[in-house]
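Give the three-dimensional model of this entry:
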Amino acid sequence: MLTTNLSAEEQSVLNAVQKEHLTSFEILNKVENVSMILSLYNILDKLSSKGILKSYMKQDQKYHYAA
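Below is the predicted model of the structure:
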């Protein structure tokens, strides 16, 4: 997987979701350098637009994983 040109925060989020599919709040708890949920949503959007992150809904919760 190509992971160049990622910020430290983006790389942290990507490392977390490579291991398992996680909700936004689970990611927020695992990643130390992102402290606010709105910042995390921005990072998730950036990774998704780069084609690195995918999401799906399961039992009314949104899960994210590395593509």
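
Name all residues that make contact with the closest residue to residue 24 other than its chain neighbours.
Closest residue to residue 24 apart from its sequence neighbours, by Cβ to Cβ, 6 or more residues apart in numbering: residue 40 at 6.1 Å. Every C-beta, even on glycine, is put in place using the N, C-alpha and C of the backbone. Counting by Cβ atoms under 8 Å, 6 or more residues apart in numbering, residue 40 touches 13, 24, 27, 28, 31, 34.

Report how many residues lie close to residue 34.
21 (other Cβ atoms under 10 Å).

Next one: it from residue 8, what distance?
As judged by Cβ to Cβ, to the nearest Å, residue 34 and residue 8 stand 10 Å apart.

Three-state assignment for the residue nearest to residue 24, please.
Assigned with DSSP: H, G, I helix; E, B strand; the rest coil, residue 40 falls in the helix class.

Export the strand or helix carrying residue 55 to CSV, keeping only CA atoms.
Assessed by DSSP states H and E, residue 55 sits inside strand 53-58. The C-alpha trace of strand 53-58 is given here as CSV (Å, rounded to 0.1, in the frame of the first residue of the first chain):
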residue,chain,number,x,y,z
LEU,A,53,-9.8,4.5,3.6
LYS,A,54,-13.2,2.8,3.0
SER,A,55,-16.3,2.9,5.3
TYR,A,56,-19.5,0.9,5.7
MET,A,57,-22.5,0.9,8.0
LYS,A,58,-23.3,-2.1,10.3
